[in-house]
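> this is a predicted model, with the sequence first.
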Amino acid sequence: MTEPYTFDVLIQQPSADVYAYAYDESARTLRLDGAWRTSDDGFAERGVVVNAVTPRGEALRAWIVADLPIAPRTRVTARAVGALEFRRGELLEHVIVAVPTADSRYARAQAFNDLPAVHRAMLQRVLEESARWLDANSAEEIVHLARQRARLAQAEEHEHGRARPAWEADERSPIAQLARETTLHTQAEAALFTVPYRFQQHLRLCLRADERILFWVHRPRMTFHRIAGLGGKTVREGLLVLTDQQCLWLVDPVTPTVPVEGGYGYIARTVAVERMVSAMLTAKADHRVLEIVSTNGRGVCGTFRIEFPPAAHAELEQAVRLLNAFAPRSNDQRLRRVFIPGAPRLYLDDPMDQDRQQTAARLAQLQTILTQQLNNEIICAQTFVPAWADGDLRLLTVTNRRVLMIAQRTPEKLITLAVQDILASEICYSVFASWLKLWTAQSQPFEIAFPITSFAGFNACWRTTQELGTRLD
């Protein structure tokens, strides 16, 4: 049996005179805090749904149907039986009508006719005057969307409130400082504001806060291999970034036809600097080719090629020198990073899921199967593709040794990939299509598509694979 959908309501105005209470920290008990007097008797306890906002940014209101008044500032776990819909000009406002789950007398209340007669009469008066009644399913959907809206707003506020990353220079840095390295930032970091703004925003999702940008090369959209000025190969705009931790290639997933804030997303491919083998620049008639060779933990090499315009030749030569500086040397005794697993990055909640309890139950089943497959491994990151995306719920797990994927339809077919086999990793974040790719010695990479709403979890898995690439054992 499916558990009822419940939520917390903070009581602001009781239906009748009532004593108010406050929690005494020192005595660890409730203490009488005064008396709450109402101007007129109501038929319901008035309050707001906790952590839920309307499209206008206001708290979602709720009325609790109860036989006894409830003290203000009390949190009540409630279940919706319906909602009142009010029209205010072009806007619609809602008030959730709910019953307290702690009162067994309302355990069977599911709809308007299940409420006590006195409450039905008061609600009917409101309906006749200015409102329309919505059933319990509609009310639950309103609460679900309002809570989702609050979570997204909190996440956005947290994102904007984070400290400035070490690599991000002050936008007000004088241009004169570009001729030299600034006190806090490299010349590459200080000049980063000259690249398209969308790429600056993309870097926030691709770089760690403690990374330092050493060099970058911007590639504008270009066409080469033309014959008589016609045809040819067109490549999209991109940005090559070399940091003290990775070599990162950012490129537009599509060619922007109109200016859009943030663009249409990006494709990011990364290799840990510990996996760099060599870099080479080849000059063609109408373009330049940068070849980057990386290796996995088993010594297998792979090559990644990027085309640039001839005007970038001098910058690419400098990039090659820097990339080759990370290549292994004989009797190399340089300090290397050591990956130490921290708190696992778990993203097992989908704000778009309409049946979270069912999804949680399915994930628990897959987790049980996964646990049987782990061999003293530490889970570093985990996320999932919701069933509504393509009809099959899939759980992706990154441990300190492997990348594993298990699907709900075929749980016996566990896909596993050793971290030591990974040559490079790529993630696409786009409104058109998003995916995660992991390259190995195989001709075809491991690829898993996901909806854009699951990006945070897959981005954590992608970054974790890059960090695991620092292992040299």
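Great, that's in hand.
> now do the strands in the stretch 201-350 of the chain.
213-219, 222-224, 233-235, 238-243, 246-251, 265-272, 276-283, 288-295, 301-308, 345-346 (DSSP state E, counting those that start in this stretch).
> out of those strands, nearest to Gln466?
strand 265-272 (4.9 Å; Cβ to Cβ). Every residue, glycine included, has its C-beta placed from N, CA and C.
> can you list the strands that that closest one pairs with?
strand 246-251 (antiparallel), strand 424-430 (antiparallel) (DSSP bridges).
> hang on, the earlier thing: can I get the strands of the stretch 201-350 of the chain in TSV with distance to Arg132?
Below are the strands of the stretch 201-350 of the chain laid out as TSV (distance: least, Cβ to Cβ, whole Å):
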stretch	distance to Arg132
strand 213-219	56
strand 222-224	58
strand 233-235	55
strand 238-243	53
strand 246-251	50
strand 265-272	40
strand 276-283	65
strand 288-295	62
strand 301-308	59
strand 345-346	41
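> that older thread, rebuild the strands paired with strand 265-272 as CSV, extending it with distance to Thr77, mean neighbour count and mean pLDDT.
Formatted as CSV, the strands paired with strand 265-272 follow (distance: least, Cβ to Cβ, whole Å; neighbours: other Cβ atoms under 10 Å; pLDDT from 0 to 100):
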stretch, distance to Thr77, mean neighbour count, mean pLDDT
strand 246-251, 46, 22, 94
strand 424-430, 37, 22, 92
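> want to throw these into CSV with distance to Phe43?
Listed next are the strands paired with strand 265-272 as CSV, based on distance: least, Cβ to Cβ, whole Å:
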stretch, distance to Phe43
strand 246-251, 59
strand 424-430, 50
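> which of the ones you listed sits closest to Asn51?
strand 424-430 (26.8 Å).
> alpha carbons of the helix or strand following the closest one, as CSV, please.
Counting by DSSP states H and E, the next helix or strand C-terminal to strand 424-430 is strand 434-439. Extracted C-alpha coordinates of strand 434-439, given in CSV (Å, rounded to 0.1, in the frame of the first residue of the first chain):
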residue,chain,number,x,y,z
SER,A,434,22.8,15.4,-21.9
TRP,A,435,25.1,12.4,-21.5
LEU,A,436,28.1,11.1,-19.6
LYS,A,437,30.9,9.4,-21.6
LEU,A,438,33.9,7.5,-20.3
TRP,A,439,36.7,6.5,-22.8
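> now do the next helix or strand after strand 434-439, average pLDDT.
Next in sequence after strand 434-439, counting helices and strands by DSSP H and E, comes strand 446-450. Average pLDDT, strand 446-450: 93.
> partners of strand 446-450, with directions?
strand 434-439 (antiparallel).
> name the residues that touch the strand it pairs with?
265, 302, 396, 403, 417, 422-428, 445-452, 454-455, 458, 461-462, 465 (Cβ atoms under 8 Å, 6 or more residues apart in numbering).
> buried residues in that strand?
Judged by neighbour count (16 or more other Cβ atoms under 10 Å), strand 434-439 contains these buried residues: 434-439.
> of those residues, closest to Val293?
Trp439 (12.5 Å).
> pLDDT score for that closest one?
Looking at Trp439, the pLDDT reads 90.
> can you name the residues bridging to it?
Here Trp439, judged by DSSP bridges, has bridge partners Ala424.
> now do the one 10 residues further on
Listed beta-bridge partners, Ala449: Trp435 (assigned using DSSP bridges).
> list the contacts for it?
Contact analysis of Ala449 by Cβ under 8 Å, 6+ apart lists 385, 389-390, 433-435.
> which of these scores worst on pLDDT?
Lowest model confidence among the contacts of Ala449 falls on Asp390, which carries 80.
> count of neighbours near that one?
By the measure other Cβ atoms under 10 Å, the count of residues near Asp390 is 12.
> for Asp67, same thing?
Neighbour count for Asp67, taken as other Cβ under 10 Å: 12.
> which ones are touching it?
103, 105, 116.
> please tell me how far it sits from Glu189.
65 Å (Cβ to Cβ, to the nearest Å).
> over to Ile427?
23 Å.
> hang on, the earlier thing: and of the strands of the stretch 201-350 of the chain, who's closest to Val126?
In terms of Cβ to Cβ, the element of these nearest to Val126 is strand 345-346, at 44.0 Å.
> next SSE downstream of that closest one?
Next along from strand 345-346, by DSSP H and E: helix 356-373.
> what is the mean pLDDT for that next one?
Taken as a whole, helix 356-373 has a mean pLDDT of 88.
> kindly report the same for stretch 309-320.
For stretch 309-320, the mean per-residue pLDDT is 94.
> in CSV, list the C-alpha atoms belonging to it.
The C-alpha trace of stretch 309-320 is given here as CSV (Å, rounded to 0.1, in the frame of the first residue of the first chain):
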residue,chain,number,x,y,z
PRO,A,309,42.4,28.5,-36.7
PRO,A,310,46.0,29.4,-37.9
ALA,A,311,45.8,32.6,-35.9
ALA,A,312,46.0,30.5,-32.7
HIS,A,313,49.4,29.0,-33.7
ALA,A,314,51.6,30.9,-31.2
GLU,A,315,49.2,30.3,-28.3
LEU,A,316,49.0,26.6,-29.2
GLU,A,317,52.8,26.3,-29.1
GLN,A,318,52.8,27.6,-25.6
ALA,A,319,50.0,25.3,-24.6
VAL,A,320,52.0,22.3,-26.0
